[in-house]
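**Q** Sequence first, predicted coordinates after that:
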Amino acid sequence: MILRFLKIILIVAVILVITISIILLLLSMQPFVPNNYTQIVKTGGELEAKYLAMGASQVEHKIGRASCRERV
C-alpha cells in the first residue's frame, strides 16, 4: 500500500519536472524583446528618447583589459 503510494508520488514528481523543463526550454527560445524594439517603442520622455536613439557612429566591437581593481 505504501509502496504504491510512493510510486504515484514519484510519477507525479517526474511529470512535474518534465513539464517545467519543457516550459523553461520553450521560454528560453523566445526573445524577451522584439528585434525592432527601438523602432516601434513610443518613448514617454526626454530621457528615453536620448538613450534609445541610435548614434551616428557604427560600432562593431571593442576589446579592452580590466585592471586588477575592476575585476569582480
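**A** Received it, and whenever you're ready, just let me know what you need.
**Q** Which pLDDT value goes with Leu3?
**A** Note for Leu3: predicted pLDDT of 90.
**Q** And what about it, helix, strand or coil?
**A** Classification of Leu3 by DSSP: H, G, I helix; E, B strand; the rest coil places it in helix.
**Q** where's it relative to Ile9, distance?
**A** For Leu3, the distance to Ile9 (C-beta to C-beta, to the nearest Å) stands at 11 Å. (C-beta placed from N, C-alpha, C; glycine too.)
**Q** more crowded one of these two?
**A** Using other C-beta atoms under 10 Å as the criterion, Leu3 and Ile9 rank with Ile9 on top: 10 against 7.
**Q** backbone phi and psi for the more buried one, please?
**A** phi -60, psi -40 (degrees, to the nearest 10).
**Q** Could you report the neighbour count for Ile8?
**A** The number of residues near Ile8, taken as other C-beta under 10 Å, comes to 10.
**Q** From Thr43, how far off is it?
**A** 55 Å.
**Q** just Ile23 next, same as before
**A** Note on Ile23: its distance to Thr43, by C-beta to C-beta, is 33 Å.
**Q** The two - which one has more neighbours?
**A** Taking neighbours as other C-beta under 10 Å, Ile23 and Thr43 compare with Thr43 leading, 13 against 10.
**Q** Setting aside sequence neighbours, what's the nearest residue to the more buried one?
**A** Ala49 (4.6 Å; C-beta to C-beta, 6 or more residues apart in numbering).
**Q** and the one you found, how many neighbours?
**A** Neighbours of Ala49 under the rule other C-beta under 10 Å: 10.
**Q** sec struct for it, please.
**A** helix.
**Q** That one against Lys42, yeah?
**A** No. Contact between Ala49 and Lys42 fails when scored by C-beta atoms under 8 Å: they sit 10.1 Å apart.
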